[in-house]
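> model the following, please.
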Amino acid sequence: MVLAPELVGFLCAAALLVQVSPGEAGRHLPPPTTLSFKWIDSFTVNVSWSWTRPETLTKGCEIKYEIHLVDLTDPKQVFDKAQTTHKYYINYYLTQKVNQNKLKFNVYTLSECSGWNQSKPSEITISRPKTYAKLMQDFKCLYESDGLNCSWIPVNPSSDLSIFYRHCGKNEEDIRSLGKCDQPYRIKDRHGCFLKADRSRTVCVLAETKTEMETFNPQYMTRLTRLNIRENGDYLRLSWTFPEVGQDCTWIYSIVYTECDEEKSREFPDLEGLNRSVEIPYDKCCEYKFQYKLSTNDYCKEVSSDKSDVITYGERKPCIRPITVVAIVIPILLLLCLMLSCYCFNRNKHIFFQNVEDPSRFKNMLNGLMVKKSNLKLPPAALSSPPRPHSLPLLWFSDVQGHGVQAIDGAGSSLRYTPAWKRRALAVTCSQTQEVP
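As a prediction, this is how the structure comes out:
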């Protein structure tokens, strides 16, 4: 008996399935258990757990744990993801990035060993040390030679705020670097203090009251350097220097200026400290107003400056620009050429259009000729006998319409009708002998 190919394939697949025991196919690793947490400080939390290794898992199989910080309202949105081989995870979480009073973590067990799949998640929800609230606005830190000069606007001026700071990080040294804001001051609505921090490190700031807290990274600022403007022919040369901080960074000089009330903007990146000057076209009839600011590029810690005051250069004055001259003179020249052409043409039109008889005159002439022929009556003798010489004089008369002339002999007989276009060749003659054809 011959088996069909489809039946042979089915039997082979069934044999393979029998060789794999049900307990080894698609097994999930056990999830972590007894999850707990501890806030090391107001920035950093330590999440820990337990895990029991299955007896069927080989000893050489390495186990890892994956931690997800998820959104409380949307678990599919993951704020942070990390892996570790330890049964704990330490990290700092700022309210600036996760502005929730509670943090939810999902912890998974995973391995690269064949036959074992990732475990189901174990969840834990953590409350912050204090209730999150927005306590201050526009917190900026200006780089100084010995630290950071920070200032802010409190949301509630009457609240008793305490400001702490440390270098951002999760190791023990960073955690112990926590210090309090020093030398507090106030200028109008802005409050301020000084932070003695390493300018090359990122700073984490804690603002808190007795019941509320806020953690964030400050906005780093630098003082503006002077913009020098110098006239160079038909150009303005703009030159500047960059601040002492961030010497390893690429700075961007952003300039916004108006040229005769027309706003323009340019950005000039400083590549390896070479291009610290640039030229822009200069219109001496315009007044220029400049504003500029400094900022670092995306590959360095974000540092910027406030926008400068308006710098004015030149003055606006009436000038005759070449484009204005062209726009006025060319139409006038074209108009004069057109008028001169019309005058010359009109004066010499007899050359271009010579005298030509009016065609209507030829039509009237032919009509008159037909009428005269119908009215002429010659004697029978004239019709039957050949022309004869006459001794009587011939008189030429014009017809009433002026279309032609008629010859009449002395006896009063009409001899010949001549059209008007031939009458220039005719004249009244008194010769005694005229032959009439």
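> check which helix or strand covers the spatially closest residue to residue 219 that is not a sequence neighbour.
Spatial nearest neighbour of residue 219, excluding adjacent residues (Cβ to Cβ, 6 or more residues apart in numbering): residue 140 at 4.8 Å. For the C-beta atoms, the positions are set from N, CA and C on the backbone; glycine is no exception. Assigned by DSSP states H and E, residue 140 belongs to strand 136-144.
> the helix or strand that that strand is followed by vs strand 136-144, what angle?
Later in the chain than strand 136-144, the nearest helix or strand by DSSP H and E is strand 147-154. If you take axes from the mean of the first three to the mean of the last three Cα atoms, to 10 degrees, strand 147-154 sits at 160 degrees to strand 136-144.
> following element in sequence after strand 147-154, please.
Strand 147-154 is succeeded, C-terminally, by strand 162-167 (DSSP H and E).
> in the helix or strand just after that following strand, what counts as buried?
Note on strand 162-167: by DSSP H and E, the next helix or strand toward the C-terminus is helix 172-176. Residues 174, 175 are the ones in helix 172-176 that count as buried (16 or more other Cβ atoms under 10 Å).
> who's in contact with helix 172-176?
Contact with helix 172-176 is made by 40, 41, 44, 166, 167, 168, 169, as judged by Cβ atoms under 8 Å, 6 or more residues apart in numbering.
> out of those, who has the most neighbours?
residue 166 (24 neighbours; other Cβ atoms under 10 Å).
> list the contacts for it?
41, 43, 174, 175, 177, 178, 179, 203, 204.
> out of those, who's nearest residue 326?
residue 203 (60.5 Å; Cβ to Cβ).
> in contact with that closest one, which residues?
Neighbours of residue 203 in contact, by Cβ under 8 Å, 6+ apart: 141, 148, 165, 166, 167, 168, 195, 197, 217, 218.
> got a winner among the residues you listed for most neighbours?
Result: residue 141 is most packed of the contacts of residue 203 (other Cβ under 10 Å), 26 neighbours.
> chain neighbours aside, what residue packs nearest to residue 265?
residue 256 (4.7 Å).
> helix, strand, or coil at that neighbour?
At residue 256 the chain is in strand, as set by DSSP: H, G, I helix; E, B strand; the rest coil.
> so which residue is dead centre in this structure?
What sits nearest the mean C-alpha location of the chain, by Cα atoms, centre = their mean, is residue 265, with 13.3 Å.
> host element of that one?
Using DSSP H and E, residue 265 falls in strand 262-269.
> the inter-axis angle of the helix or strand following that strand versus strand 262-269?
Downstream of strand 262-269, the next assigned helix or strand under DSSP H and E is strand 277-281. Interaxial angle of strand 277-281 relative to strand 262-269 (the same axes, to 10 degrees): 160 degrees.
> quick one: the helices in this protein, in order.
Assigned by DSSP state H, the helices in the chain fall at 5-19, 172-176, 322-347, 349-352, 359-375, 380-384.
> show me how far the third one is from its chain's centre.
Right, helix 322-347. Distance of helix 322-347 from the chain centroid (Cα atoms, centre = their mean, to the nearest Å) equals 42 Å.
> use 876 as the first number from now on
Okay, residue one is now 876; in that scheme the one you just asked about reads as helix 1197-1222.
> what's the mean pLDDT across it?
Across helix 1197-1222, the average pLDDT comes to 81.
> stretch 1104-1121 too?
For stretch 1104-1121, mean pLDDT is 85.
> in it, what's buried?
Neighbour-count burial for stretch 1104-1121 flags 1104, 1111, 1113, 1115, 1117, 1118, 1120, 1121 (criterion: 16+ other Cβ under 10 Å).
> now swap in stretch 1083-1102 and tell me
Buried positions in stretch 1083-1102, judged by neighbour count with 16+ other Cβ under 10 Å: 1083-1084, 1087-1093, 1095-1097, 1099-1100, 1102.
> with stretch 1181-1190 instead?
Buried, per 16+ other Cβ under 10 Å, within stretch 1181-1190: 1183, 1188, 1189.
> neighbouring contacts of that stretch?
Against stretch 1181-1190 from outside (Cβ under 8 Å, 6+ apart): 1096, 1099, 1102, 1104, 1111, 1157, 1159, 1161-1168.
> quick one: end-to-end distance for that stretch.
Start-to-end span of stretch 1181-1190 (Cα to Cα, to the nearest Å) is 26 Å.
> ok, residue 920 - how many residues close by?
The number of residues packed near residue 920 is 22, by other Cβ under 10 Å.
> from residue 1068, how far off is it?
27 Å (Cβ to Cβ, to the nearest Å).
> show me where pLDDT drops low in the stretch 1026-1175 of the chain?
1121-1122, 1145-1150 (pLDDT under 70).
> mind saving the C-alpha coords of stretch 1027-1038 as CSV?
Output of stretch 1027-1038 as CSV, limited to C-alpha atoms (Å, rounded to 0.1, in the frame of the first residue of the first chain):
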residue,chain,number,x,y,z
TRP,A,1027,13.0,81.3,40.7
ILE,A,1028,9.5,82.7,41.2
PRO,A,1029,7.5,80.9,43.9
VAL,A,1030,4.0,79.8,43.0
ASN,A,1031,2.9,80.8,46.6
PRO,A,1032,5.2,83.6,47.9
SER,A,1033,3.9,83.0,51.5
SER,A,1034,4.9,79.3,51.5
ASP,A,1035,8.0,78.3,53.5
LEU,A,1036,10.2,76.6,50.9
SER,A,1037,13.3,74.7,51.5
ILE,A,1038,15.7,74.1,48.6
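> leaving out sequence neighbours, find the closest residue to residue 1031.
Nearest non-adjacent residue to residue 1031, counting by Cβ to Cβ, 6+ apart: residue 1010, 7.5 Å away.
> alright, that wraps it up for me.
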